[in-house]
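Colleague: Starting from these lines, generate the structure:
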Amino acid sequence: MDLDIDHLRSWIGREDSASEVLSPALVRQFNATFDRTSGEAPGDIAPLLIHFCLAQPAVQTAGLGPDGHAARGGFLPPVPLPRRMWAGGEFTFQGDIRIGEEVRRVSTVRDVVLKQGRTGPLCFVTINHEVTSDGQPVLSERQDIVYREAQNVAGMKSTAAPAPAGDDVMQITPSAAYLFRYSAMTFNGHRIHYDKDYVRDVEGYPGLIVHGPLQATLLCQFAADLKERAPKTFRFRSLSTIFDTADFTVNAQTEGETMKLWTAQLGGPVAMEATAAW
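Modeller: Here you go, the predicted model:
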C-alpha cells in the first residue's frame, strides 16, 4: 500500500468551521438518550459534551465512503488505511454552553504521524477544536484519530485481564436503539454503530460498536455527578472495543482532586480510560 506520509502531512493546518444554535429540542433528545434530566429552557446550562452533537460536518450522502464516513481527502487527509477509530482526546473547559446560544466550532489539523503497530501501519491524525458559545470560549479539545489496516478479528480474544470494579460503578445496556440515537444526534454515519450486517460481515466484529465519544460523555458526566461540578480538564484514551453483545460498566475512583475513570464490557478489559481534574 502506498502511504505517502509527506503528502498526508500537507493537510496540517487545514481548517473547518461551522456553527449552530443549541435548541431546547436537542437538549431534550440528548437527555432522553442518556436517561438524564437537566434544565431545558433558553438560558439553562447545557449538558456536558453536548457539543459533540453541534455544528458537525454535513457531507452529502453521495459524498460518503463505503463505511458511512465522509470520503477521504476533504478536511481530513486521505489516509489509505481502511479502518478509522477514535483513539482518544482531551478537553479543557473554559465556560458553559447555554441553551439558545450560537455554538461555533473551529477545527484545525495539527499533526499527522505514521507509526508501526503489532498488526501493521498506524496513522494518527490530531485535530484541535476550539468551541465558542455566543462568541465566548467554552471548550478546547484535542481529538486523536487512528487509521489502520483491516484485521481478521474472527475468533480473536483479548489477552488483557478483566477490568476491576471502581469505587463507584454504573451499568449500561448498549441497545441498538441507544447507539442509533447517539449516531443520529451527532450526525455520524459510521456504519459500525448501527448496521449489524456491515459490522459483522465486512469488518468482522461480533456486534455493533459503542462510540468513543459516547463513552467519553458517560465518563465525563459520571465524574461531574460524583464531584457535583464539572471538571476543568478531562482526558481519555481508547484501549479496546465495547460491543452491543453484553452490558458494560462506567467506573470511577477518586484520588484527591483528580478522578480515574474507565469503561469495560462485563468480564472484559478496560475499554476506555480517563482522568478528570478540578
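
Colleague: Can you classify the closest residue to Leu49 other than its chain neighbours as helix, strand or coil?
Modeller: With CB to CB, 6 or more residues apart in numbering as the measure, Thr217 is the residue that lies nearest to Leu49, at 4.3 Å, once sequence neighbours are left out. In this view, the C-beta of every residue, glycine as well, is placed from N, C-alpha and C. Three-state secondary structure (criterion: DSSP: H, G, I helix; E, B strand; the rest coil) places Thr217 in helix.

Colleague: Arg36 is in contact with Thr217, correct?
Modeller: No - proximity of Thr217 to Arg36 does not meet the contact threshold set by CB atoms under 8 Å, at 10.3 Å.

Colleague: Could you tell me the model confidence score at the nearest residue to Gly120 once chain neighbours are set aside?
Modeller: In space, and not counting its chain neighbours, Gly120 is closest to Glu149: 4.2 Å by CB to CB, 6+ apart. With respect to pLDDT, Glu149 has a value of 91.

Colleague: when you give positions from now on, start the count at 38
Modeller: Done: numbering now begins at 38, and the last item shifts to Glu186.

Colleague: Report how many residues lie close to Glu186.
Modeller: The local packing of Glu186 (other CB atoms under 10 Å) involves 13 other residues.

Colleague: quick one: it from Gln66, how far?
Modeller: 36 Å (CB to CB, to the nearest Å).

Colleague: out of Thr254 and Arg73, which sits in the busier spot?
Modeller: A direct count of neighbours by other CB under 10 Å for Thr254 and Arg73 places Thr254 higher, at 22 against 11.

Colleague: Contacts only, for that one.
Modeller: Listed by CB atoms under 8 Å, 6 or more residues apart in numbering, the contact partners of Thr254 are Phe71, Leu85, Leu86, Phe89.

Colleague: swap in Pro211?
Modeller: Leu245, Val247, Ile279, Phe280, Asp281, Asp284, Phe285.

Colleague: mind running it again at 7 Å?
Modeller: By CB atoms under 7 Å, 6 or more residues apart in numbering, the contact list for Pro211 reads Val247, Ile279, Asp281, Phe285.

Colleague: Do I have it right that the third one meets Ala213?
Modeller: Yes - Asp281 is within contact range of Ala213, at 6.4 Å (criterion: CB atoms under 7 Å).

Colleague: quick one, which of those two is more surrounded?
Modeller: More crowded of Asp281 and Ala213, by other CB under 10 Å: Asp281, with 22 against 13.

Colleague: what about that one, distance to Phe271?
Modeller: Note on Asp281: its distance to Phe271, by CB to CB, is 25 Å.

Colleague: Same check on Glu167?
Modeller: 16 Å.

Colleague: So for the two, which residue has more residues nearby?
Modeller: Between Glu167 and Phe271, counted using other CB under 10 Å, Phe271 has the larger neighbour count: 25 against 16.
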